[in-house]
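Colleague: Give me a 3D structure for the following:
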Amino acid sequence: MHTIHSLLAAVEHHPAVASLPFSTLLTFLRCAHRLKDDILQPQPHSISVLCAPEVLPPSITHFLAAYLDISIDDIAILWSMVGDLVWSLPTPEEADMLEEDAFRRYGHPHGITRRTLYPPVKTCTNPECASWKKGLVLKKEEQRAVIAFTLADGAHPAWSVHLKCRLCHTNYHNNYSVQAGMRTYYPGVPPFI
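Modeller: Alright, predicted model coming up:
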């Protein structure tokens with residue numbers, strides 16, 4: 001099993017990889033995992049599907065190097081360090097199910113759900129408001145329990161949070177704001193209606 005300690009110890013020996021942004025490592029893990037079948041297919045028939053291959057196919061190496069804007073050598077180093085981790089990660093579907101279960105079991109007793117509908121803004125958008133001019137965060141919040149209906153996953157418990165500007169009293173909801181009794185919808189299609 002990979003540990004953070006073993007990963008950090010491996011990185012110590014490769015300064016070029018050690019200086020990569022953490023987001024690059026996460027993208028590498030995500031993309032390599034998504035390409036697992038493509039990595040496996042050109043391998044010799046004698047290798048086990050249960051273990052990560054020692055080397056990546058050239059097409060995968062070149063793709064990842066171009067996408068992440070790092071050298072082919074760094075891709076090989078990253079693969080040698082985290083290939084086994086990539087191989088052991090759950091599929092996106094499995095990860096979603098595990099996360100949903102964790103939120104139901106451990107989050108709900110604390111008022112935490114996987115889906116919380118917040119306004120898309122964190123500061124007042126009224127240009128006449130002193131709060132907007134100072135860029136102050138909207139802090140007065142009210143929340144209510146709702147059911148989020150999704151096309152892909154059905155109904156799920158959620159919270160709908162609306163924020164209120166303390167100065168101009170504009171209320172911000174997940175897909176509209178209300179100021180002086182006037183409702184204004186945000187541009188574009190909201191994630192939840």
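
Colleague: Which residues does stretch 73-85 contact?
Modeller: Contact partners of stretch 73-85, identified using CB atoms under 8 Å, 6 or more residues apart in numbering, comprise 2, 7, 10-11, 14, 16-17, 20, 25, 28-29, 32, 51-56, 61, 64-65, 68, 86. C-beta: built from backbone N, CA, C; applies to glycine.

Colleague: Nearest spatial neighbour of Pro57, chain-adjacent residues omitted?
Modeller: Pro42 (4.6 Å; CB to CB, 6 or more residues apart in numbering).

Colleague: Now that neighbour. Its backbone dihedrals?
Modeller: phi -80, psi 0 (degrees, to the nearest 10).

Colleague: Same question for Pro57.
Modeller: Dihedral angles (degrees, to the nearest 10) for Pro57: phi -60, psi 150.

Colleague: thought it was touching Asp37?
Modeller: No - using CB atoms under 8 Å, Pro57 makes no contact with Asp37, being 11.4 Å away.

Colleague: ok, those two, which is more surrounded?
Modeller: Neighbours per residue (other CB atoms under 10 Å) separate Pro57 from Asp37, with Pro57 holding more: 16 against 8.

Colleague: so who does the more buried one touch?
Modeller: Asp38, Ile39, Gln41, Pro42, Gln43.

Colleague: and what of Ala66?
Modeller: By CB under 8 Å, 6+ apart, Ala66 has no neighbours at all.

Colleague: Now it: which helix or strand?
Modeller: helix 58-68 (DSSP states H and E).

Colleague: any idea how the chain splits into domains?
Modeller: 4-89, 110-185 (automatic domain parsing).

Colleague: could you redo those domains as a markdown table and give each row distance to Arg104 and mean pLDDT?
Modeller: Formatted as a markdown table, the domains of the chain follow (distance: least, CB to CB, whole Å; pLDDT from 0 to 100):
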| stretch | distance to Arg104 | mean pLDDT |
| --- | --- | --- |
| domain 4-89 | 22 | 94 |
| domain 110-185 | 8 | 91 |
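
Colleague: In a markdown table, list those domains along with distance to Ala102.
Modeller: A markdown table is the format used below for these (distance: least, CB to CB, whole Å):
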| stretch | distance to Ala102 |
| --- | --- |
| domain 4-89 | 16 |
| domain 110-185 | 8 |
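
Colleague: which residue ends up closest to the midpoint of the chain in space?
Modeller: Leu26 (10.0 Å; CA atoms, centre = their mean).

Colleague: and that residue, what helix or strand is that in?
Modeller: Going by DSSP H and E, Leu26 is in helix 22-34.

Colleague: to the chain's geometric centre, what's the distance from the longest helix along the chain?
Modeller: Secondary structure assigned by DSSP state H gives helix 72-88 as the longest helix of the chain. Put simply, helix 72-88 sits 21 Å off its chain's centre (CA atoms, centre = their mean, to the nearest Å).

Colleague: List the buried residues in it.
Modeller: Across helix 72-88, burial judged by 16 or more other CB atoms under 10 Å covers 74-83, 85-87.

Colleague: Which single one of those is nearest to Glu141?
Modeller: Leu85 (38.2 Å; CB to CB).
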